[in-house]
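[1] prediction below, plus the sequence it came from.
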Amino acid sequence: MAECVDRVEQSKETELQCEERCPCNTSCPLTKTMGLIGGKWKIAILCALRTDGTTRFNSLKRKINGITNTMLASSLKELEESGLVLRTQYLEMPVRVEYSTTSACDELMPILQQLAVWGMSLKTS
């Protein structure tokens, strides 16, 4: 039993040392990127906006099957904060809000298309 506990403690120490040395924990660009576009809905939102252009909230919700109002709102807010989506609010009654992609999203789309091609090649293999 003591031997098992010692191995667990050594394993934890090794894991901690690895975490301290690993640059991915603090500055990995891929980790940062996945934080911007990761999640169940963000890529679907970006693709819908890119395909259809400027879109209002309810129209976007209808295009993305299964997404809730709360999840769409929070995902759009995160995408806006990351600079991938532009939110335009018009001073009308009722208030009209439209969403569109930014130039940063335009740069991202070919990369996502390449990921899609890669994913399809895995399926056929």
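    Thanks, I have it.

[2] now the residue nearest the centre of the chain: phi and psi?
    What sits nearest the mean C-alpha location of the chain, by Cα atoms, centre = their mean, is I37, with 1.8 Å. I37 adopts backbone torsions of phi -120, psi 0, taken as degrees, to the nearest 10.

[3] that one contacts M109, correct?
    No - using Cβ atoms under 8 Å, I37 is not in contact with M109, being 11.0 Å away. The C-beta positions use only the backbone N, C-alpha and C, and glycine is treated the same way.

[4] quick one: contacts for Q114?
    Shown in contact with Q114 (Cβ atoms under 8 Å, 6 or more residues apart in numbering): no residues.

[5] against A48, how distant is M71?
    Note on M71: its distance to A48, by Cβ to Cβ, to the nearest Å, is 14 Å.

[6] comparing those two, which residue is more hemmed in?
    A48 (20 against 16; other Cβ atoms under 10 Å).

[7] for the longest helix along the chain, buried residues please.
    Identified as the longest helix of the chain according to DSSP state H is helix 103-124. Buried residues in helix 103-124, counted by 16 or more other Cβ atoms under 10 Å: 105, 108.

[8] quick one, strands of the chain?
    Remark: strands assigned in the chain by DSSP state E are 55-56, 85-90, 96-101.

[9] closest to G66 out of the ones you listed?
    Checking the strands of the chain against G66 by Cβ to Cβ gives strand 55-56 as the closest, at 17.3 Å.
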